[in-house]
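Chemist: Sequence plus the predicted model coming up.
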Amino acid sequence: MNDILLIILIALFLISFVYYYNNYNSFKKQSTKEKTGYDSALEVTRKYNIDSYIIEKRGSFTDSYNYNKKVIKLSSIVFHDNNQYSVAMGYFIAMQGVLDKENNTLFRIKKLLEPAYYFIITLSYLMIFLLAFSNLNILYPVTLLGISLIYQLVFLKTNIDLINRIKKEFKYKEDIIDSFMILDMAFGVLYIKVLIDKLIDLIRNR
């Protein structure tokens, strides 16, 4: 039973990575003429008059908003490239600065809990790979992934509102941001299903 669950977890992880990478490459090829992720982030800061610095952070997929320092960090690709992925990410990260300025309570709670969320995600995936080489109980990583889903569900409204504002206020119609958020939620639900099945199995065998 544990072997089957292990195969399912690893397969879901690999599928999610491949799906994300394929979408990333697809939108990366869609040119936006001369507009870059930096330009879309700058557009947000000017429209809402927010005092956030926009900086380039070396590496890939390093885009984030620093709540404490009020800094919009864009990866090198997003900062310089003129494609749909870069523009969408520039909007999405910069709009978090707008929520910060507006003192959005749910957003601030989310940012405070974000380091713990990423730690749990990292730890859960590490445990999944350790399962192949140890007798670690599969319930541990699945439980951690379940906690990460709860985090996503609690703050889902914040992301939905943010995406809708980007589409409405900047006339941005690409669905790249939706696809990534839906992907996270979909796989989170599958992990929860595995957790529930495991719990039911444990209760029946007591």
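Modeler: Happy to help now that I have it.
Chemist: and the helix or strand harbouring Lys168, what other elements does it pack with?
Modeler: Mapping Lys168 onto the secondary structure by DSSP states H and E places it in helix 156-169. With contacts taken as 3 or more C-beta pairs under 8 Å, 6 or more residues apart in numbering; DSSP states H and E, helix 156-169 sits against helix 84-101, helix 105-130, helix 176-204. (C-beta placed from N, C-alpha, C; glycine too.)
Chemist: now for the shortest one, which elements pack on it?
Modeler: Helices and strands touching helix 84-101, as assessed by 3+ C-beta pairs under 8 Å, 6+ apart, comprise helix 2-28, helix 37-48, strand 64-66, strand 71-75, helix 76-80, helix 105-130, helix 156-169, helix 176-204.
Chemist: quick one: average pLDDT of the last one?
Modeler: For helix 176-204, mean pLDDT is 52.
Chemist: what about Met127, how many residues close to it?
Modeler: A total of 20 residues lie near Met127 under the criterion other C-beta atoms under 10 Å.
Chemist: try the one 4 residues further on
Modeler: The number of residues packed around Leu131, counting by other C-beta under 10 Å, is 19.
Chemist: Could you double-check that it sits in contact with Val142?
Modeler: No. Leu131 sits out of contact with Val142 when judged by C-beta atoms under 8 Å, with a separation of 10.2 Å.
Chemist: Lowest average pLDDT across the helices and strands packed on helix 84-101?
Modeler: Of all the helices and strands packed on helix 84-101, the minimum mean pLDDT falls on helix 176-204 (a mean of 52).
Chemist: residue contacts, Ser60?
Modeler: Listed by C-beta atoms under 8 Å, 6 or more residues apart in numbering, the contact set of Ser60 reads Ser75, Ser76, Ile77.
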